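*Asks:* dropping a prediction and its sequence here:
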Amino acid sequence: MLAQLQTDVTGGGVLALVVTLVVAWLFYAVTLHLAATFFIGEVPSQRAAYAGAVPAVVSILLGRWGIEEVGFVSPSLGVAVVLVATLVADAIAISSVYRISWRPTAALSLLHLGFATVLGVALNNVFGLV
């Protein structure tokens, strides 16, 4: 009886993947817009929406690496692989969307990581997701 009450709203499958992708995209877009506004100044929010899709897709595609052992990669090393791959993808997207050189791109990517970490920890404390 208790197990029936704890089922997912989406039920898994394609709908769960799409909802997760949209929520991650929105999260990355909001945090990137905050970081870009802080770092660059007044910027259009559409650019953050364009660039926010890239780290969302990369982190979802590589998400299993931080949970279970994949090949010779342990879960703890998998977290580092996902983090580095997401940061690199984020930097490439930021550089192409905002049309800035690599040095400011690296700074904005690290600032975006900081904003995403702070907001993610705060939302986790409020909603208790993990």
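*Replies:* Done, it's in.

*Asks:* and whichever strand or helix holds Val54, how far out from the chain's middle?
*Replies:* Following DSSP states H and E, one finds Val54 within helix 45-61. For helix 45-61, the distance from its own C-alpha centre to the chain's C-alpha centre is 7 Å (CA atoms, centre = their mean, to the nearest Å).

*Asks:* and that helix, what other elements does it pack with?
*Replies:* helix 13-39, helix 75-98 (3 or more CB pairs under 8 Å, 6 or more residues apart in numbering; DSSP states H and E). No exception for glycine: its C-beta is placed from N, CA and C like everyone else's.

*Asks:* show me what counts as buried in the first one.
*Replies:* What it means is helix 13-39. 21, 24-25, 27-36, 39 (16 or more other CB atoms under 10 Å).

*Asks:* going by distance to Val54, which of these wins?
*Replies:* Nearest to Val54 among these is Tyr28, at 8.2 Å by CB to CB.

*Asks:* leaving out sequence neighbours, find the closest residue to the closest one.
*Replies:* Once flanking residues are discounted, Tyr28 sits nearest to Gly52: 3.8 Å by CB to CB, 6 or more residues apart in numbering.

*Asks:* run through the residues that contact that neighbour.
*Replies:* 25-30, 32, 93 (CB atoms under 8 Å, 6 or more residues apart in numbering).

*Asks:* dump the helices and strands packed on helix 45-61 into TSV; add distance to Ile60 and mean pLDDT as well.
*Replies:* Below are the helices and strands packed on helix 45-61 laid out as TSV (distance: least, CB to CB, whole Å; pLDDT from 0 to 100):
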stretch	distance to Ile60	mean pLDDT
helix 13-39	6	92
helix 75-98	10	90
